[in-house]
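**Q** show me how the following folds:
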Amino acid sequence: VQLQASGGGLAQPGGSLRLSCVVSGTTVNYNGIGWFREAPGKDREAVACISPRYGSLKYADSVQGRFTISRDNAKNTVYLQMTSLKFEDTAVYYCNAPGPRGSVYWGRGTQVTVSS
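**A** Numbering: from 1, shown residues only. Coordinates of the predicted model:
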């Protein structure tokens, strides 16, 4: 299983970015996919996740109402639409998928920098 996150970059406060997580080796429709982020000096934290099949959505309080996670089954890709970006959203963003026996697959992260 491989996950490839992309779409990061530099944005101004209040701006938007859309991250993509392309998954191979498994299907996003049958796996919960999560987005996490890790800011300098901080622990990695969960940002959003989408459950398998019915696609229930969950968000961290810090991004609720600003970020939207979605899934394109045909492209086997999960997206994170980020709007109203804040300085504190600056981090490396990762996507993950469950593996066997409680393990987790992580993709390479994509840097998001919010700066004026």
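**Q** tell me the contacts of the residue positioned nearest the centre of the chain?
**A** Central residue of the chain (Cα atoms, centre = their mean): Trp35, 2.8 Å from the mean position. Applying Cβ atoms under 8 Å, 6 or more residues apart in numbering, we find Trp35 in contact with 19, 21, 46-49, 69, 78, 80, 93-95. The C-beta positions use only the backbone N, C-alpha and C, and glycine is treated the same way.
**Q** inside strands: which ones of those?
**A** Taking DSSP state E as the definition of strands, those contribute 19, 21, 46-49, 69, 78, 80, 93-95.
**Q** mind checking which of the residues you listed are buried?
**A** Neighbour counting over the ones in strands among the contacts of Trp35 (16 or more other Cβ atoms under 10 Å) leaves 19, 21, 47-49, 69, 78, 80, 93-95 as the buried ones.
**Q** now the strands: where do they sit in the chain?
**A** Applying DSSP E to the chain gives strands spanning 2-6, 9-11, 17-24, 33-38, 45-50, 57-59, 67-72, 77-82, 91-98, 104-106, 110-114.
**Q** how about a markdown table for those strands, with mean pLDDT added?
**A** Below are these laid out as a markdown table (pLDDT from 0 to 100):
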| stretch | mean pLDDT |
| --- | --- |
| strand 2-6 | 95 |
| strand 9-11 | 98 |
| strand 17-24 | 97 |
| strand 33-38 | 96 |
| strand 45-50 | 97 |
| strand 57-59 | 95 |
| strand 67-72 | 96 |
| strand 77-82 | 97 |
| strand 91-98 | 96 |
| strand 104-106 | 93 |
| strand 110-114 | 98 |
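**Q** hang on, the earlier thing: now, which of the ones in strands among the contacts of Trp35 sits nearest Pro40?
**A** Comparing these against Pro40 with Cβ to Cβ places Tyr93 closest, at 13.4 Å.
**Q** so who does the nearest residue to that closest one once chain neighbours are set aside touch?
**A** Nearest residue to Tyr93, sequence neighbours excluded (Cβ to Cβ, 6 or more residues apart in numbering): Arg37, at 4.8 Å. Residues in contact with Arg37 (Cβ under 8 Å, 6+ apart) are 44-45, 47, 89, 91-94, 112.
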